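In: Pasting the sequence and the predicted coordinates here, then a few questions.
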Amino acid sequence: MPTPTLPKSLDEAVIQARSAAQAALDDGYSRIQVELLFPELKVLPIAQSFLEAFEPLGAALRVVFPDAGSAALARRDWGDQSYIIRGISDINAKFQTDESLFIFVEPSSVEVAQVEALCQGAGDRPVVMLNPRLEDVAVVGIGYAARQLRERFLSQFDSCYYLRPLNDAALFRCYPHPWQIWRQKEDDYELLSEHETRPTADEIDAQLMGTIESGSAAQSPRRSLLSELQSFLRALSQ
């Protein structure tokens, strides 16, 4: 499988995410997550496109939204689907024995206890989290409870697709390939480095600062984080 490059459109990113998720599931991973971390990204159309890869499962696929309202909105906008769409707190939210794959769409830290309970009910059947927000510090907090959450539940999940714009850079992972740090170069991005595990913020900063210090003096000045996020999102939305 050729090494993937940074996607040049949002559609390409979703296609990559589908392939990465399917590859991870085929390799036996049962707890995986997919993250496309752009500001102001509307998850509903992303989810609909992502789910196309799993439509052949029909009623064996369960799609779970954070609440009944978002689940009803998906059913309205997507029309009739072969798979099951539910909110986490729906009266019939409990997973059924004939369901073989469960996909949570943007679960938040508010529902973390319910998400964990449902995942326990899934047993060894695979679970995919699409754009989870379970580590929202504003809700979970940064104390002991938050650490317990990460260690007990989130650590069970492996990242199979991750794409996040940074200041003049991007952090990218597309399973089964390593984590990659990309840097902006004029109107494009270039691959700086690859890592077997997700690089920390300090490692990313050190990598980027090293390239700046060794680069030419003619390099364009760095833009603000907000400016970079906005430009990256616009590029992916074209």
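Out: Okay, I see it.
In: any idea whether Gln148 is helix, strand or coil?
Out: Assigned by DSSP: H, G, I helix; E, B strand; the rest coil, the conformation of Gln148 is helix.
In: Tell me the spacing between it and Ser30.
Out: 22 Å (CB to CB, to the nearest Å). Glycine gets a C-beta too; all of them are placed from N, C-alpha and C.
In: okay, those two: which has more neighbours?
Out: Taking other CB atoms under 10 Å, Gln148 and Ser30 do not tie; Ser30 has more neighbours (18 against 11).
In: what sits against that one?
Out: Applying CB atoms under 8 Å, 6 or more residues apart in numbering, we find Ser30 in contact with 124-127.
In: Out of these, grab the one that's most surrounded.
Out: Val127 (23 neighbours).
In: beta partners for it?
Out: Arg31, Phe102 (DSSP bridges).
In: residue contacts, it?
Out: Going by CB under 8 Å, 6+ apart, Val127 touches 30-32, 101-104, 119.
In: picking that back up, ok, the contacts of Ser30 vs Leu171, which is closest?
Out: Val127 (23.5 Å; CB to CB).
In: The helix or strand hosting Gln184: partners in the sheet, and parallel or antiparallel?
Out: Gln184 belongs to strand 179-185 when elements are defined using DSSP states H and E. Paired neighbours of strand 179-185 in the sheet (DSSP bridges): strand 169-174 (antiparallel), strand 188-195 (antiparallel).
In: Most tightly packed of these?
Out: Of all the strands paired with strand 179-185, strand 169-174 has the most neighbours on average by mean count of other CB atoms under 10 Å, namely a mean of 22.
In: Give me the mean pLDDT for that strand.
Out: On average, the pLDDT along strand 169-174 is 94.
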